[in-house]
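K.L.:
can't give you the sequence, but here's the structure:
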């Protein structure tokens with residue numbers, strides 16, 4: 001027996017201060033991409049100082065969207081050098097999401113990671129990051145110009161070469177796609193058990209998957225959530241994620257009925 005209700009998709013939250021008050025938030029573009037791209041119901045997962053039991057949260061969900069954000073992962077999480085005084089970090093999000101990711105993989109919950117979420121997946125599997133790509137002398141400029149309109153910031157940035165035989169290749173059906181990749185940090189050492197799914201012309205890893213995942217587990221450095229329904233490549237990614245979430249939803253619903 002199948003349910004016609006939409007899958008519940010968790011959306012990871014950033015924390016920030018509004019005056020003296022700590023706020024948990026998720027960007028609207030991520031929330032609307034769940035609604036219109038994945039045909040799901042978004043549920044924001046708070047990033048508390050003492051995270052909620054991830055297994056209990058995940059048992060109620062059909063998928064996880066690991067969002068991007070303006071904060072960076074604390075370098076001590078991957079053995080990196082201390083960040084400078086200008087670093088924007090979110091320790092509570094790190095504490096929550098870096099535990100949520102491996103638990104979701106273990107439980108077979110579909111995952112789609114974007115930008116910071118892509119980097120979190122790598123760190124969760126023991127990988128490391130370049131804190132400032134533009135200072136390495138090895139990569140092209142990947143940062144956005146924040147003085148320009150959003151459509152310019154998130155416009156086509158560069159192509160990515162999609163690795164043959166991978167999850168993304170099966171989704172895209174092509175060897176190359178143009179993406180709107182905007183970020184300051186990026187993968188240095190790839191985490192154990194992760195596959196490279198796409199690479200930028202300068203050699204930077206732009207998409208990864210989990211090799212032994214029981215379900216859909218893909219993360220990309222670019223931003224398919226931005227105007228997702230207007231971009232065919234973005235929608236192919238969201239549709240693959242949505243199909244995995246629907247399957248999980250049906251299985252979870254049927255297991256519930258079986259217990260009645």
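P.N.:
Thanks, I have it. Here the structure is a predicted model, which is why all the values come from computation and not from measurement. Numbering: from 1, shown residues only.

K.L.:
list the contacts of residue 128.
P.N.:
Listed by CB atoms under 8 Å, 6 or more residues apart in numbering, the contact set of residue 128 reads 78, 79, 80, 122, 187, 188, 189. For every residue, glycine as well, the C-beta is placed using N, CA and C.

K.L.:
can you give me the helices in the chain?
P.N.:
28-32, 54-58, 91-107, 116-124, 150-153, 167-172, 232-259 (DSSP state H).

K.L.:
quick one, which of those is nearest to residue 210?
P.N.:
Closest to residue 210 of the helices of the chain is helix 91-107 (CB to CB; 5.7 Å).

K.L.:
how distant is that closest one from the center of its chain?
P.N.:
Distance of helix 91-107 from its chain centroid, counting by CA atoms, centre = their mean, to the nearest Å, is 12 Å.

K.L.:
now the strands: where do they sit in this protein?
P.N.:
Listed in chain order, the strands of the chain (DSSP state E) span 8-12, 14-18, 21-25, 41-45, 63-66, 111-114, 129-130, 158-162, 176-179, 186-187, 194-199, 205-210, 217-220.

K.L.:
which residues touch residue 232?
P.N.:
With CB under 8 Å, 6+ apart, residue 232 has no contacts at all.

K.L.:
would you turn the strands of the chain into TSV with mean pLDDT?
P.N.:
Below are the strands of the chain laid out as TSV (pLDDT from 0 to 100):
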stretch	mean pLDDT
strand 8-12	98
strand 14-18	95
strand 21-25	97
strand 41-45	98
strand 63-66	98
strand 111-114	98
strand 129-130	96
strand 158-162	97
strand 176-179	97
strand 186-187	96
strand 194-199	98
strand 205-210	98
strand 217-220	98
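
K.L.:
nearest to residue 136, out of those strands?
P.N.:
strand 129-130 (5.8 Å).

K.L.:
if we can go back for a sec, and the helices of the chain: which comes nearest residue 6?
P.N.:
Among the helices of the chain, the nearest to residue 6 by CB to CB is helix 232-259 (7.8 Å).

K.L.:
hang on, the earlier thing: pick the most buried one from the helices of the chain.
P.N.:
helix 116-124 (a mean of 26; mean count of other CB atoms under 10 Å).

K.L.:
residue 143 contacts residue 182, correct?
P.N.:
Yes. Between residue 143 and residue 182 there is a contact under CB atoms under 8 Å: 6.6 Å.

K.L.:
more neighbours, the two?
P.N.:
residue 182 (21 against 13; other CB atoms under 10 Å).

K.L.:
now that one: phi and psi?
P.N.:
phi -130, psi 120 (degrees, to the nearest 10).

K.L.:
if I pick the residue nearest the centre of the chain, what's in contact with it?
P.N.:
Centroid-nearest residue in the chain: residue 113, 1.4 Å away (criterion: CA atoms, centre = their mean). Contacts for residue 113 (CB under 8 Å, 6+ apart) come out as 65, 66, 101, 120, 121, 218, 219, 220.

K.L.:
what does the pLDDT read for the fourth one?
P.N.:
The one in question is residue 120. On the pLDDT scale, residue 120 is placed at 98.

K.L.:
how near is it to residue 99?
P.N.:
Distance, residue 120 to residue 99, using CB to CB, to the nearest Å: 11 Å.

K.L.:
for the second one, same thing?
P.N.:
Taking CB to CB as the measure, residue 66 falls 12 Å from residue 99.
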